[in-house]
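Student: got a predicted structure here, sequence first:
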Amino acid sequence: MFKTGHIDRFWDDGFKDFNYIRQPITNHEVSDWESQGYDYVKSFTGCQYNQSNPMPDWVFKLDNMFGLTNQTYNFYKMKTLEIMPIHSDKYLRYMEMFKVPSNKIWRALLLLEDWKSGHYLEVDGTGFTNWKAGDWVMWHDNTEHAAGNIGVDDRYTLQITGVEIG
């Protein structure tokens with residue numbers, strides 16, 4: 001289950017200069033994806049700049065914009081030939097921080113720039129391309145999704161995680 005929408009762009013490109021750190025994944029995840037045929041992949045994940053770092057002021061204008069409370073923010077960068085095969089998020093840190101079960105959690109993915117050739121997003125079996133900066137996709141709990149960059153330009157998104165208001 002997912003929702004889509006659009007907000008007009010009000011942010012600058014400062015996110016491109018953040019100190020992104022590679023996201024850890026488990027050996028089990030790598031083995032599973034390699035057994036599915038993903039054995040020639042440069043990297044199974046992108047890099048992130050998470051909320052333990054200073055956030056730009058504009059991020060906080062997003063508070064409750066997606067109908068969520070207790071929002072956290074995580075910038076995500078995928079370089080050429082980085083992919084994240086189909087998976088569902090675990091939200092372990094979020095559940096611990098806010099003492100909520102995973103079935104209460106939603107994640108919104110805000111696309112920070114207009115689509116560029118080779119950038120891909122899939123949520124619950126639906127593929128997305130040709131997006132505009134400000135388009136977003138939001139899914140609930142364990143919805144399967146995937147992302148990839150087979151283009152030559154870096155792919156930037158902002159993950160917003162929260163609990164539905166109401």
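Tutor: That came through fine.
Student: so Val100, which of the three states?
Tutor: Look at Val100: counting by DSSP: H, G, I helix; E, B strand; the rest coil, its state is coil.
Student: now do the same contact list for the nearest residue to it once chain neighbours are set aside.
Tutor: With C-beta to C-beta, 6 or more residues apart in numbering as the criterion, Val100 has its nearest non-adjacent residue at 5.7 Å, and that residue is Val163. C-beta: built from backbone N, CA, C; applies to glycine. Counting by C-beta atoms under 8 Å, 6 or more residues apart in numbering, Val163 makes contact with Leu68, Thr69, Asn70, Phe98, Val100, Lys104, Ile105, Trp106.
Student: are any of these buried, and which?
Tutor: Buried members of these, counted by 16 or more other C-beta atoms under 10 Å: Leu68, Phe98, Lys104, Ile105, Trp106.
Student: determine which two of the residues you listed are furthest apart.
Tutor: Maximum pairwise distance in those, criterion C-beta to C-beta, is 12.4 Å, between Phe98 and Trp106.
Student: quick one: the residue nearest to Ala133 when sequence neighbours are not counted from Phe75, how far?
Tutor: Spatial nearest neighbour of Ala133, excluding adjacent residues (C-beta to C-beta, 6+ apart): Arg9 at 4.7 Å. Distance, Arg9 to Phe75, by C-beta to C-beta, to the nearest Å: 15 Å.
Student: these two: which is more packed in?
Tutor: Phe75 (24 against 14; other C-beta atoms under 10 Å).
Student: and that one, which helix or strand is it part of?
Tutor: Per DSSP states H and E, Phe75 falls inside strand 68-78.
Student: now the strands for the protein?
Tutor: In the chain, the strands defined using DSSP state E lie at 2-6, 21-22, 47-50, 68-78, 82-87, 105-111, 119-123, 126-128, 135-140, 145-149, 155-164.
Student: mind listing residues that contact the third one?
Tutor: With contacts defined as C-beta under 8 Å, 6+ apart, strand 47-50 is touched by 15, 18-23, 73-79.
Student: 7 Å - rerun?
Tutor: Phe18, Asn19, Tyr20, Ile21, Arg22, Gln23, Asn74, Phe75, Tyr76, Lys77 (C-beta atoms under 7 Å, 6 or more residues apart in numbering).
Student: in this structure, what secondary structure element scores lowest on mean pLDDT?
Tutor: Least confident helix or strand, the chain: helix 27-35 with a mean of 82, by mean pLDDT, DSSP states H and E.
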